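> Provide a 3D model corresponding to the input given below.
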Amino acid sequence: MSDADKAEDNYKYYEYCRSNGHDPYLLRTETGLNFFVGNQWTAEERSKMRESDRPALTINQFFRDMDSIVGEMVYATGDVRFAPTDTAFEDISDVMDKVYLSVTGLSKLEYIEPRVLFMGMLSGRGYFRVRTDFDDQLQGQVCITAPRPQNIVLHPDIDDPDPKTWPEVYTSRFASLDYISEMYGEAAAKEIGDTPQADWLSPYDSYAERQLSYQLNGGILYDPTNGDPRMLRCRRLIEREYRTLKYKNFFVDPMTGDMSEVPENWDRERIGRLIDLTGVAVIKRRAKTVRWTVSCDRVMLHDQDSPYNEFTIVPFFPYFVDGYTMGLGDQLIDLQRFTNKLYSQELHILNSAANSGWKVKQGSLVNMTEEELERRGAQTGLTAVLKDVKDLERIEPGKLPSGHDHLAQTLDGKFHQISGYNEAMAGAPSTEATGDALKNRIQRGSVNLANATKALYFAKTLLAERIRDQVQTFYTETRLMHYTNSVTNQTQAFTINQPTPEGRLLNNVTTGKYAVTVIPAPSRDLVQQTVFDQLKAMRTELGMAIPDDVLLQYSSIPQKSAVMQAMKDAGGNQNAQAQQQMLQQALLQAELAAKQASSVNSSAQADLAHARAAKALADAQRDPNAQRIALDRTRLALEHVRDTQRMSLDREKSDRDTALALTDMHLQHSRDLAKSKEAATKEARSNG
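Numbers count the residues shown, from 1 in each chain. Model (predicted):
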């Protein structure tokens, strides 16, 4: 089959899917978007209202309820966790959690997710797309985007929201030749520009029709004489992902039996390097694979096996019933139309009451004509000069129907009944309701959105699975990655696939199977504020000793990390001062104890010497020849006491000098450490 025939088949498959379900979806989505932005009256309706001199009000309750519901679901998001199916990979599951946080942080998922939520709740279809991009990262970076749901065409026979059961999915959009040149090469863009347009294209997809539509817009978007035709988005680009069977190579872990498909674009050298590092084996088996085909008119731009194991599209269908997708906005459109017409009619009745008209006898007006009375009849302080006061009478307007007021009062409640969103959830509860009643109303509103919330958790599970699969496929080299700690808001680094001297890979994310779990939880900001309030109450009301650094950790002040570091440095300086005071007190106590011990020892030795001298004197009195010997003994004893006291005092002085030197060294070390921390903090602030 030639490339032109493949391109024709690709277009006809797409046209079949578009005609059998996608076109009605486009009409519903266009209506929902118009109602959300306030374009709720058609041009024909406005023309008729203008001709009958009736107002056309827009009371956009649709916008308020849709925006509030999406905001409620944003705060009801969930945390993703990876759980290994084998206990051998329990440590790696924590690394997979960090990898997920790193990928979603770089893709700014927290800003993409509300857009997907909004389109899903409005039109019934929202989509994530997960692909690995090599533009900014040579090793590949998993990226998450949110394509327009209007560009995603589903097969009409799908009966399950899980894309694993879908036969195919299309992404279609109008592209310019410049875009095609950037994505698929200048040769492909030139071939499309030079090839005559196919006769099997529908008028809607015709290049000539599309070009004419630009020219009919006043030549603003495209000037056929001066404009560059390569910049005109008139070429229907059709991207098809579908499943097929073929023999493919698979990596097999001999220890666990886990298998993963070898990417088609891997060469033998890269496969061999992974085998040497991980010890996996390679086998060939028949398996389902995803085929990726891109065409434009008669030209095939791409026709190869997809590098991904699954479709890159991740759907969010808040309500999926037997293949039919439905959003909450579809159910509020008629009620919004009714609201606009009701209030417009009420305003028309009030205007009619203020200017209902006059009955005047012909020729009775003196100071104005009948035409002037028609124009000025509703003015305040109108003065009419008549030939006879009975010749002028105001026409009584029709009264407001008795059920009109009641109907207007119940409209707001009807919105809440259908959307499931009540005033208590919006923070404007009734003053007559008790605390328990308000809590029940808020919980009841969350229950009303339970199906849509479960659908969101399912979409996030699929999203995490796509990220896991692409990480295990493309993140095979050693990488230094970063993620943001949700509590401290500090960026932390970690390394994956790091070789060890023993020949193993540390934090190897290429092997193992991990189940994805979405844990229902409110947003991290809301959780952090709740924890801070609870800790504050425990400290102030219950008197519990909650440390300052714990309170600061869960606060939401700006530059929290710098404040925590400053408190830590200040605490270190205070500890150093406290240690210095304790050391000085211990030194003084040691000196006092040494003096007391020395005094006691000296006193005892002196008493002993005097006793010996007295005994010697007594002996000398009894024996005159022994007097000289006794005096010598007394002298020697007194000299010994003197020398002992001198040595004790020298030892005490030496110990005191050593202790003082150690104290000075410790204080100097504490000062140097505090200065280095302060310098590091200033440098971090200046760099930040």
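
> top strand in the chain by residue count?
Criterion DSSP state E: the longest strand present in the chain is strand 235-252.

> mind listing what's buried along that one?
Neighbour counts using 16 or more other Cβ atoms under 10 Å place 235-242, 248, 250-251 of strand 235-252 among the buried residues. C-betas here are computed from N, CA, C, even on glycine.

> what does stretch 297-308 give?
For stretch 297-308, by 16+ other Cβ under 10 Å, it's 297-301, 305-308.

> give me the low-pLDDT residue ranges for the stretch 351-500 of the chain?
Residues of the stretch 351-500 of the chain that meet the criterion pLDDT under 70 lie in 353-356, 374, 377-381, 395, 397-406, 408-409, 412-413, 415-416, 419-447, 486-488.

> let's see it at 80
Where the stretch 351-500 of the chain drops to pLDDT under 80, the residues are 351-363, 365-366, 369-448, 485-490.

> wait, a strand at Asp79?
Yes. Checked against DSSP: H, G, I helix; E, B strand; the rest coil, Asp79 lies within a strand.

> how about it: what's its closest non-neighbour residue?
Distances taken as Cβ to Cβ, 6 or more residues apart in numbering place Ile519 nearest to Asp79, at 4.7 Å, with adjacent residues excluded.

> ok, now how distant is the one you found from Thr461?
According to Cβ to Cβ, to the nearest Å, Ile519 stands 11 Å off from Thr461.

> one step back: right, and the residue nearest to Asp79 touches Arg81 too?
Yes. With contact defined as Cβ atoms under 8 Å, Ile519 reaches Arg81; the gap is 6.1 Å.

> more neighbours: these two, which one.
Each of Ile519 and Arg81 has its neighbours counted (other Cβ atoms under 10 Å); Arg81 has more, 17 against 9.

> for the more buried one, what are its contacts?
Residues in contact with Arg81 (Cβ atoms under 8 Å, 6 or more residues apart in numbering) are 93, 97, 516-519.

> just the residues you listed: which has the poorest pLDDT?
Taking pLDDT as the measure, the contacts of Arg81 have their low point at Ile519 (82).

> ok but Met183 is inside a helix, no?
Yes. Applying three-state DSSP, one finds Met183 inside a helix.

> what's the distance between it and Leu463?
24 Å.

> tell me which of the two has more neighbours.
Neighbours per residue (other Cβ under 10 Å) separate Met183 from Leu463, with Leu463 holding more: 24 against 14.

> quick one, the helix or strand where the more buried one lies and strand 235-252 angle?
Per DSSP states H and E, Leu463 falls inside helix 450-474. Interaxial angle, helix 450-474 versus strand 235-252 (axes from the mean of the first three to the mean of the last three Cα atoms, to 10 degrees): 70 degrees.

> would you mark the buried spots in helix 450-474?
Of the residues in helix 450-474, those buried (16+ other Cβ under 10 Å) are 452-453, 455-474.

> just give me the neighbour total for the closest residue to Ala189 other than its chain neighbours.
Spatial nearest neighbour of Ala189, excluding adjacent residues (Cβ to Cβ, 6+ apart): Ser181 at 3.8 Å. Neighbours of Ser181 under the rule other Cβ under 10 Å: 17.

> distance-wise, check Ser181 relative to Gln304.
Distance from Ser181 to Gln304, by Cβ to Cβ: 20 Å.

> likewise for Ser93?
Taking Cβ to Cβ as the criterion, Ser93 is separated from Gln304 by 33 Å.

> same check on Ala56?
Applying Cβ to Cβ to Ala56 and Gln304 gives a distance of 54 Å.

> and what of Asn34?
Taking Cβ to Cβ, one finds Asn34 at 40 Å from Gln304.

> repeat that for Leu535.
Taking Cβ to Cβ, one finds Leu535 at 56 Å from Gln304.

> swap in Leu392?
Leu392 sits at a distance of 88 Å from Gln304 (criterion: Cβ to Cβ).

> Arg646 now?
For Arg646, the distance to Gln304 - Cβ to Cβ - is 99 Å.

> what's near enough to touch the closest residue to Thr511 other than its chain neighbours?
Nearest residue to Thr511, sequence neighbours excluded (Cβ to Cβ, 6+ apart): Asp253, at 5.6 Å. When contacts are counted by Cβ under 8 Å, 6+ apart, Asp253 touches 259, 278, 280, 511.
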